[in-house]
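1. Provide a 3D model corresponding to the input given below.
(chains A and B)
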Amino acid sequence: MVLLQVLINGLFLGGVYALISLGLTLIFGVIRVINFAHGEILMISMYASFFCFSVLGLNPYLSLIIVIPGMFLVGVLVDQVIIRPIRNAPSYMQIFATVGLSVVLINLALVFFSGDYRSINLAFAKQVVHMGDIGISLSRLIVFISAIAVAWLVWLFLDRTDMGKQIRAIAQDRDAARLMGINPNKIYMITFGIGSAMVGLAGGLIMPLYYVFPSVGAYFVLTAFVVVVLGGLGNMVGALLGGLIIGVIDSLSGYYLDPALKEMVYFLVFLGVLLFKPSGLMGMIGAEEMGLK
Amino acid sequence: MRILKSALLMVALAALLIAPLGSAMAADEIKLGTIFSRTGPLANLGLDSWRGAELARIVQNQKGGLLGKKIVFINGDAPNPKAAVSETERLCTVEKVPVILGSFSSSISLAASAKANQHKVVYWELGGVGDKITERGLKYVFRTCPTGSDLGRDQLRFALGALADKIGKKPAQMKVASIYEDSAYGTACAAGIRDQAKKMGIKLAVDEAYNHKATDLSSLVMRVKAAKPDVILESSYENDAIMFFRQAQEAGLKVRQFVGSGGGMNMPGYQKALGKDISDYVCNVGYPGYNLNPKYAKGIKELEALYTKTFGEKPTSVFSVINYMGTMALWDVINRAGSMKPEALVKAALATDIPADKTILRFGIKFAGPGSKNMGQNVLARYFISQWQDGKLWIVSPAAAATPGRSLQVK
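-> Down below sits the predicted model:
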């Protein structure tokens, strides 16, 4: 019974990781922008959700209708102002630019919101459904289901729609795509926006469970990069799977080994996967090199 | 030329007249140094700690000072350990003070006290809790307040003492879980708990570290839940304390009481995030403030009034009380030493034996002597227990010290 509970905890935690990583998969995995400010975009969306609750009195689940489009705009803005000028520069330039953006955003948040931990005390977030000895937290279940739904929807979008095909075409060969009449700037902008909107969803859904402070992104972003690479760059199902695997390993090793050792265990698994399958669990062979200059 | 000559003569004459006056003034004063963060990130609590020492200076000067002289502070500003070293250097060599008082922050105290010790200047620590401060065998360093591992010691003492009584269990029947974040702060507390458990012959049901930056503590919660403890002793920062408590609620982990060691568990943000759920359910070990029972801490109301009168505002934190108490102990040492010579001061300090009822916080002062592991540490120092009730922290233990109208509650 304990094992089952530990597994459920792990899957739910994996849902959180997956939901945060899906947006990064699109930005880092598909259009290959190494976005170190991903965590700060999460931070902004959590603050947005927090202030919708504390100032406007909006339920965090309801405020998603404001937060998600808002974060889409933030993503578009970041892409046009920061990324666009260095689109053709070597990839380490993007690292410098996005690390810089991350530092600026953290410090702006410190100035405006102070370093205090803020959280939403929502009765719903504490509701647990008991089935025998097993407890299932409803708000975590919502995160878990959303992660699966978002992964599936984005996969459909990339696979079936014309826009999705354009995005994949740009990712595979920008020059050839341009010759086919695709406007790369528009596609990059929209993809960055969608990726950020997905992080907005993640921020809004985890706000009732966590707390926000200016450097909260750093807590999640490293795991998110691991999830994206583990799952296979650019693969939505891979990111979902990667998130769930990391969550379950985290939970199992924390309970059966030692809570202090859990990061070590999942990084070992991560190294193992990279060693035997460098393209990640679901990634195409060679995907790890494609598009990176 | 003549004018210049006479001007010079005038200056020389004036100097001759003033010089003895100056030295006469200096002879009537005892100059002591202080090292606190008066600016920088720690300035809020650093300055409030200094205010405690300043109040003790004012009180003693009203009584006629020390050895027939007025006490004067030369205040050094140490926003960080590096500045602490250079300010200590200045106080020791330029101002030539025989004693320096400090310093709220452990890292500042570690740096400043080592420097003072080099110059054979007594370093009197009033509020920094890092165990290392008194574990380096430095002859001139003394500390009146309790240490970091004393936090853990007092967590367990309270859990098996007043709390076990209230729950109605014998100490040996109590199941105790100890969880702590794995940086210097948490490990010091946990070591204190472990030592005390060994002394009392108690086996801890859980003794687990975790990283305070973890994004999930559910596996730790499950481990603690499996052990079915009566009480959880927790040393956490704010975010991890909130997360542990919330995930414990989700997992249905119920205990009779949480006992924290300050850190994040006495912060307003912790209370705000968890609301009434922590009421009567979370205690903290730490420094007491002005809400002590005035019948127990005699003179605490007068001290609060003096604080408000002197600084023009209500006390901004609890830190002035412990700093005031430690400084008053220094006056006792200087009076017994009869001189400001370092050797005489050290000798008098080591002979200190102030009984509990002679200090405002009612714990005695007696320093560990040469040869012991923590030379210069006040071995009688202890903390007080407060509990969250109705959104505020109130002193609840020892019972006699409890804020009037408050007492320890369990759910």
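2. which residue ranges form the strands in the chain?
-> Unless you meant another one, I'm taking chain A. Taking DSSP state E, the strands of chain A run over residues A:128-131, A:134-137.
3. my question was about chain B
-> For chain B, strands defined by DSSP E occupy the ranges B:29-36, B:70-77, B:99-102, B:122-125, B:141-143, B:176-181, B:206-210, B:231-235, B:257-260, B:282-286, B:384-389, B:392-397.
4. quick one: which of those is nearest chain A?
-> With Cβ to the nearest Cβ as the criterion, chain A lies closest to strand B:206-210 of these, at 4.5 Å. Any C-beta I mention is one placed from the backbone N, CA and C, and that applies to glycine too.
5. what strands line up against that closest one, and which way round?
-> When pairing is defined by DSSP bridges, strand B:206-210 lines up against strand B:176-181 (parallel).
6. alpha carbons of the partner strand, as CSV, please.
-> Provided in CSV are the C-alpha atoms of strand B:176-181 (Å, rounded to 0.1, in the frame of the first residue of the first chain):
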residue,chain,number,x,y,z
VAL,B,176,10.2,11.8,18.3
ALA,B,177,11.0,12.5,14.7
SER,B,178,13.8,14.9,13.8
ILE,B,179,13.9,16.4,10.3
TYR,B,180,16.3,19.1,9.2
GLU,B,181,17.5,21.0,6.2
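7. distance from that strand to the middle of the chain?
-> From the chain centre to the centre of strand B:176-181 is a distance of 23 Å (Cα atoms, centre = their mean, to the nearest Å).
8. over to stretch A:67-77?
-> Between the mean C-alpha position of stretch A:67-77 and that of its chain there is a distance of 14 Å (Cα atoms, centre = their mean).
9. tell me which residues in that stretch are buried?
-> Of the residues in stretch A:67-77, those with enough neighbours to count as buried (16 or more other Cβ atoms under 10 Å in any protein chain shown) are A:67-68, A:70-72, A:74-76.
10. closest to A:V111 out of those?
-> The nearest member of the buried residues of stretch A:67-77 to A:V111, counting by Cβ to Cβ, is A:V74 at 17.8 Å.
11. so B:M340 is in contact with B:V346, correct?
-> No. B:M340 lies out of contact with B:V346 (Cβ atoms under 8 Å); the separation is 11.9 Å.
12. what sits in contact with each of the two?
-> Common contacts of B:M340 and B:V346, defined by Cβ atoms under 8 Å, 6 or more residues apart in numbering or on different chains, are absent altogether.
13. who's more crowded, the two?
-> Set side by side, B:M340 and B:V346 give different neighbour counts by other Cβ atoms under 10 Å in any protein chain shown, the larger being at B:V346 (21 against 18).
14. beta-bridge partners for the spatially closest residue to B:K69 that is not a sequence neighbour, please?
-> Closest residue to B:K69 apart from its sequence neighbours, by Cβ to Cβ, 6 or more residues apart in numbering or on different chains: B:I30 at 4.9 Å. Taking DSSP bridges as the rule, B:I30 bridges to B:I71.
15. give me the neighbour count for A:L158.
-> Burial of A:L158 is recorded as 21 neighbouring residues (other Cβ under 10 Å).
16. swap in A:D159?
-> For A:D159, the number of neighbouring residues by other Cβ under 10 Å comes to 11.
17. now do the same for it: its pLDDT.
-> Note on A:D159: pLDDT of 89.
18. next up, the contacts around it.
-> If you count contacts by Cβ under 8 Å, 6+ apart, then A:D159 has nothing around it.
19. ok, for the closest residue to chain A within chain B, nearest residue in space, not its chain neighbours?
-> When distances are taken as Cβ to the nearest Cβ, chain B approaches chain A most closely through B:S219, which lies 2.7 Å from it. Once flanking residues are discounted, B:S219 sits nearest to A:G254: 2.7 Å by Cβ to Cβ, 6+ apart.
20. tell me which parts of the stretch 101-250 of chain A are close to chain B?
-> Taking Cβ under 8 Å from any Cβ of the partner chain as the measure of proximity, the stretch 101-250 of chain A contacts chain B at A:116-119, A:121, A:125-126, A:128, A:130, A:135, A:137, A:140, A:209-211, A:213, A:219-220, A:223, A:247, A:250.
21. buried among those residues? Need that as a selection in ChimeraX.
-> A single ChimeraX command suffices to select whichever of those are buried according to 16+ other Cβ under 10 Å:
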select /A:117,118,119,125,126,128,137,140,209,210,211,213,219,220,223,247,250
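22. out of the residues of the stretch 101-250 of chain A next to chain B, which sit inside helices?
-> The members of those that map onto helices under DSSP state H are A:140, A:219-220, A:223, A:247, A:250.
23. return the item of these having minimum pLDDT.
-> Going through these one by one, the lowest pLDDT turns up at A:Y219, 85.
24. just checking, that one touches B:T215?
-> Yes. Counting by Cβ under 8 Å, A:Y219 does reach B:T215; the two are 5.2 Å apart.
25. and the pLDDT for the closest residue in space to B:S103 that isn't next to it in sequence?
-> Taking Cβ to Cβ, 6+ apart, and ignoring the residues beside it in sequence, B:S103 has B:S109 as its nearest neighbour in space, at 4.4 Å. The pLDDT attached to B:S109 in the predicted structure is 95.
26. now do the one 4 residues further on
-> pLDDT for B:S113: 96.
27. residue contacts, it?
-> B:S113 makes contact with B:102-103, B:123, B:125, B:133, B:138, B:141, according to Cβ under 8 Å, 6+ apart.
28. the closest residue to B:A214 other than its chain neighbours and A:P90: what is the separation?
-> The shortest distance from B:A214 to any residue other than its chain neighbours is 7.0 Å, reached at B:D240 (Cβ to Cβ, 6+ apart). Using Cβ to Cβ, to the nearest Å, one obtains 39 Å as the distance from B:D240 to A:P90.
29. and those two? Which one has more around it.
-> Of the pair B:D240 and A:P90, B:D240 is the one with more neighbours under other Cβ under 10 Å, namely 23 against 10.
30. right, and that one touches B:D216 too?
-> No. Taking Cβ under 8 Å as the contact criterion, B:D240 and B:D216 are not neighbours in contact, 10.6 Å apart.
31. quick check: residues of the stretch 251-400 of chain B near chain A?
-> Counting by Cβ under 8 Å from any Cβ, the stretch 251-400 of chain B comes close to chain A at B:251-252, B:269, B:272-275.
32. give me the pLDDT for B:M10.
-> The predicted local distance difference test score for B:M10 is 59.
33. state the pLDDT value of whichever residue of the stretch 151-293 of chain A sits closest to chain B.
-> With distances taken as Cβ to the nearest Cβ, the stretch 151-293 of chain A approaches chain B most closely at A:G254, which sits 2.7 Å away. A:G254 is assigned a predicted lDDT (pLDDT) of 89.
34. am I right that it is in contact with B:L220?
-> Yes. Applying Cβ under 8 Å, one finds A:G254 in contact with B:L220, separated by 6.5 Å.
35. can I assume B:L303 is in contact with B:M325?
-> No. Under the criterion of Cβ under 8 Å, B:L303 is not in contact with B:M325, lying 9.6 Å apart.
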